[in-house]
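A.B. asks: my questions are about this predicted structure, shown below with the sequence.
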Amino acid sequence: MKAGVLYGIKDIKCVDIEEPTLKSDDDVKVEVCYCGICGSDIPRVNAGSAHYFPIVLGHEFSGIIKEVGKNVKNVKVGDHVSVAPLIPCDNCIDCKNGNYSLCKNYTFIGSRIQGGFAEYVVVPSKNVVKFKDEVDFKEGAMFEPSTVALHGIRCADYKDGENVLVIGCGTIGAFTIQWLKILGAKKITVSVRSQRSAELAKRLGADCVLFSTSENFVDEANMVTNSRGFDYVFDAVGSQETIFDSFKTVANKGTIAMIGTPIDEVKFSVKMWEYINRKEFHLTGSWMSYSYPFPGSEWTDTKEAFETGKLKLDDEMINKIYDLENIENAFEDIDKKKPSGRTLIKIKK
Ligand SMILES: [Zn+2]
Ligand SMILES: [Zn+2]
């Protein structure tokens, strides 16, 4: 089969490798349709943070069930599925508590074992989430980022707050906006850096858009909340700037959830530290997207929201689609252009 194999830093090529076979009676074989390039794949390819070489990455994918093991009951050949990439140990204290995202001994499809930049992937049947044929395979490849957004909202113990701020309108930000809307937020403000993102945020349900590049950003945010601050802030970026924007704009006793993946070091000034004390806000992180029963309601709610059309894949959320043969160019272009939408690899012709 064809697969995009990563051999070393910036050395990814589409080559022929052996097609995987079922390893247990609980496994299924998925013929991959689309696989997204996650923000976390970029340093794995371009900066050498992959666990080993050679490896086939890709953990955001959809496909068709091609083969099922003897014990498999949840799907049959021909079903359309998205794949939850985490394989938790099921034995550690976090797994026992249903916090699979925090598992200490997990493996992961597409970062530790073969992923979706390939024609076929063999995965445990409990990792596949079946969706109706009406849902597009491109949407199926976007289940994972949607679940990450929803998990972040759950980590913040979100209750329908009056004033919500989402920082960033990349893939995770775009899903966070949509989920907040679905969950009944009354007023959603989004902070962005570009006009394109501003328009996307509005199409997805933002009531108000702020430009984080504005000199008067904090004053403008205060105007939205009558100087109370936002009850919930979701940082879907994770930079020094956005973390401080969240400290400055959150309400007293409010909640900040960090969903973004940090890339650079963050330095705290006394002033910034003071915000934490003076506002007595709650700050939480968010990691992956799983809950009990595995893979969790993040996944079943995502599937349902796509099936009912509540969640949308706006064209602007997709940067570009490349064939598997051109996977090398996809990563080169991302490195050069740093696009904000998802780049997808189209695998099944
Ligand atoms: Zn991802
Ligand atoms: Zn575990």
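C.D. replies: It's in. Residues are numbered from 1 along each chain as shown. Ligands and ions are numbered 1, 2, ... in the order given.

A.B. asks: so the closest residue to residue 280 other than its chain neighbours: helix, strand or coil?
C.D. replies: The shortest distance from residue 280 to any non-neighbouring residue, by C-beta to C-beta, 6 or more residues apart in numbering, is to residue 253 (5.6 Å). In this view, the C-beta of every residue, glycine as well, is placed from N, C-alpha and C. With DSSP: H, G, I helix; E, B strand; the rest coil as the basis, residue 253 sits in strand.

A.B. asks: do the same with residue 268
C.D. replies: coil.

A.B. asks: and if you look at residue 12?
C.D. replies: Going by three-state DSSP: residue 12 is strand.

A.B. asks: what sits opposite the nearest residue to it once chain neighbours are set aside in the beta ladder?
C.D. replies: Nearest non-adjacent residue to residue 12, counting by C-beta to C-beta, 6+ apart: residue 6, 4.7 Å away. Going by DSSP bridges, residue 6 is paired in beta bridges with residue 12, residue 55.

A.B. asks: what number of residues lie near the residue nearest to residue 280?
C.D. replies: 11 (other C-beta atoms under 10 Å).

A.B. asks: would you mind measuring from it to residue 183?
C.D. replies: Relative to residue 183, residue 253 is positioned 20 Å away (C-beta to C-beta, to the nearest Å).

A.B. asks: circling back: report the contact partners of the residue nearest to residue 12.
C.D. replies: By C-beta atoms under 8 Å, 6 or more residues apart in numbering, the contact set of residue 6 is 12, 44-45, 50, 53-57.

A.B. asks: again, only using 7 Å
C.D. replies: By C-beta atoms under 7 Å, 6 or more residues apart in numbering, the contact set of residue 6 is 12, 45, 50, 53-55, 57.

A.B. asks: which one among the residues you listed gets closest to residue 82?
C.D. replies: If you rank the contacts of residue 6 by distance to residue 82 using C-beta to C-beta, residue 57 comes first, at 16.9 Å.

A.B. asks: the closest one touches residue 116, doesn't it?
C.D. replies: No - taking contacts as C-beta atoms under 7 Å, residue 57 lies outside contact range of residue 116: 8.1 Å.

A.B. asks: who has more neighbours out of the two?
C.D. replies: residue 116 (31 against 28).

A.B. asks: could I get the pLDDT score of that one?
C.D. replies: What the model reports as pLDDT for residue 116 is 98.

A.B. asks: and it, which of the three is it?
C.D. replies: Three-state call for residue 116 (three-state DSSP): coil.

A.B. asks: how near is it to residue 74?
C.D. replies: 19 Å.

A.B. asks: and for residue 65, the neighbour number?
C.D. replies: As a burial measure, residue 65 scores 21 neighbours (other C-beta under 10 Å).

A.B. asks: with residue 8 instead?
C.D. replies: Neighbours of residue 8 using other C-beta under 10 Å come to 11.

A.B. asks: show the contacting residues for the nearest residue to it once chain neighbours are set aside.
C.D. replies: Excluding the flanking residues, the one nearest residue 8 by C-beta to C-beta, 6+ apart is residue 53, at 5.4 Å. Shown in contact with residue 53 (C-beta under 7 Å, 6+ apart): 6-8.

A.B. asks: again with residue 106
C.D. replies: 86-89.

A.B. asks: in ChimeraX, how would I select the buried members of the residues you listed?
C.D. replies: Applying 16 or more other C-beta atoms under 10 Å to these, the buried members can be selected in ChimeraX as follows:
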select :86,87,88
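
A.B. asks: out of the contacts of residue 106, who's near ligand 2?
C.D. replies: Filtering the contacts of residue 106 for neighbours of ligand 2 using C-beta under 5 Å from the ion leaves 88-89.

A.B. asks: between the contacts of residue 106, which is nearest ligand 2?
C.D. replies: Within those, proximity to ligand 2 (C-beta to the ion) peaks at residue 89, which comes in at 3.5 Å.

A.B. asks: what separation do you get for the closest residue to residue 72 other than its chain neighbours and residue 201?
C.D. replies: Excluding its sequence neighbours, the residue lying closest to residue 72 (C-beta to C-beta, 6+ apart) is residue 125, at 4.4 Å. In this view, residue 125 and residue 201 are 37 Å apart by C-beta to C-beta.

A.B. asks: higher neighbour count, the two?
C.D. replies: residue 201 (26 against 19).

A.B. asks: that one reaches residue 175, doesn't it?
C.D. replies: No - contact criterion C-beta under 7 Å: residue 201 and residue 175 do not qualify, at 11.9 Å.
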